[in-house]
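Enquirer: Based on what follows, work out the 3D shape:
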Amino acid sequence: MNTADRSLALLDHALRRRFSFVRLGPDYGVLGDRLRRDGLDPAPLLGVVADLNAEIADPDFEIGISFFMGGRADLPTLMPSIWDGEILPYVREIMHARPDSARWSWEAVRPRLTAWYPAASASAP
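Expert: Residues are numbered from 1 along each chain as shown. Prediction:
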């Protein structure tokens, strides 16, 4: 937890005491439907996200589906920047004490997605 997060912890605690919360977890079916409409096989990406969330092992910190819901057939070309710019920094923050968090880098994840789209191997940084 960084300094800004710690400074908000009291506010977060106060809000949680005063309001009820409804947990909305990632709906993989919605993401699968979106990817199929865009002509993409959802299985590889859904597998990666589900495995990552299983490793996070805390429903309050799961990776959501909104990163991938742009409704764009060019998602494969955007994946390296989405992963490195949005998902990986978050994963590093919540797994800061775990040395194996590097296994979720784009370079480590990309081979699981190459069957999904050929652009993955061409867009490697």
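Enquirer: Pass me the low-pLDDT residue ranges in this protein, would you?
Expert: Low-confidence segments of the chain (pLDDT under 70): 1-6, 71, 115-125.
Enquirer: residue furthest from the geometric center of it?
Expert: residue 18 (29.4 Å; CA atoms, centre = their mean).
Enquirer: Could you measure from it over to residue 10?
Expert: Distance of residue 18 to residue 10, computed by CB to CB, to the nearest Å: 13 Å. All C-beta atoms are positioned from the backbone trio N, CA, C, and that covers glycine.
Enquirer: Repeat that for residue 96.
Expert: 21 Å.
Enquirer: And for residue 68?
Expert: 34 Å.
Enquirer: Compare these two and say which is more crowded by neighbours.
Expert: Between residue 68 and residue 10, residue 68 has the larger neighbour count (other CB atoms under 10 Å), namely 23 against 9.
Enquirer: Report the next helix or strand after the longest helix along the chain in sequence order.
Expert: Of all segments of type helix in the chain, defined using DSSP state H, the longest is helix 3-18. Tracing the chain past helix 3-18, the next element assigned as helix or strand by DSSP states H and E is helix 28-37.
Enquirer: Quick one: residues contacting the residue nearest to residue 58 when sequence neighbours are not counted.
Expert: Leaving aside its sequence neighbours, residue 58 sits nearest to residue 94 (CB to CB, 6 or more residues apart in numbering; 7.9 Å). The contact partners of residue 94, taken as CB atoms under 8 Å, 6 or more residues apart in numbering, are 56, 58, 61.
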